[in-house]
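Asker: Using only what follows, build the 3D model:
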Amino acid sequence: MDNRPNFIKRAVKKHTKKFSLFMVVGIIKTILSILLTGLFIDILKLDALFSSTAVVVIVFFITYMIYVSTKLVKPQFMKYTSATIGFNIATILLIWILVDYVGLSGFISSAIVTITSFVLRYLFFNIIGLIRHG
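Answerer: Next comes the predicted model:
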C-alpha cells in the first residue's frame, strides 16, 4: 500500500503552520525595521549609517528572541547568526546584480529578492535543523 499521500498531507500541514508563523514574524520584522529607521533618522535626526546599522542589529536580536520564544526555531544562536548573515550578504549581492547588470529597478529587484529569499530562508532553516518540529 502506498503511504506517500498521507506523508505529503502531514508534511504540508506541519510546514503550513510553521511557515505561517515564520511569515508573521517576517511582517513584524519588516514593520519594526521601517518604524525604527524612521524614528532614528527622521525624528531623532541620527546619522543614517549609524541608524541603519543599529536597526539591523536591534531587529536581528528581537527576531531571534521571537523565533525562540514562539518555539519556531531551536535556541542555536551561532547557527542562526551564520545563516542570517549568509542570507543578508546574498540579498545584497543579488539586488546589486539585478540592478546593475540585469537592468531591473531597485524596487522590482528588492521585491523579487526579498520574497524569494524569505521562502528560501525558511527552507534553509529547516534543512540545517533550526526549525523546531513537534
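
Asker: Can you tell me the SS state at Thr91?
Answerer: helix (DSSP: H, G, I helix; E, B strand; the rest coil).

Asker: what sits against it?
Answerer: By C-beta atoms under 8 Å, 6 or more residues apart in numbering, Thr91 lies in contact with 113-114, 117. Yep, even glycine has a C-beta here, placed from its N, CA and C like the rest.

Asker: tell me which of these is nearest to Leu32?
Answerer: Nearest to Leu32 among the contacts of Thr91: Thr114, at 15.3 Å, using C-beta to C-beta.

Asker: How about the contacts made by Ala48?
Answerer: Shown in contact with Ala48 (C-beta under 8 Å, 6+ apart): Ile41.

Asker: The same query, at a cut-off of 10 Å, please.
Answerer: Applying C-beta atoms under 10 Å, 6 or more residues apart in numbering to Ala48 gives the contacts 37, 40-41.

Asker: Highest neighbour count among these?
Answerer: Within those, most neighbours by other C-beta atoms under 10 Å means Phe40, with 19 neighbours.

Asker: any idea of the pLDDT on it?
Answerer: pLDDT for Phe40: 90.

Asker: Correct me if wrong: it contacts Val56.
Answerer: No. Contact criterion C-beta atoms under 10 Å: Phe40 and Val56 do not qualify, at 11.4 Å.

Asker: on that earlier part again, who wins for most neighbours among the contacts of Thr91?
Answerer: Busiest of these [other C-beta under 10 Å] is Val113, holding 20 neighbours.

Asker: before we move on, which element is it in?
Answerer: Take DSSP states H and E as the rule and Val113 turns out to sit in helix 106-127.
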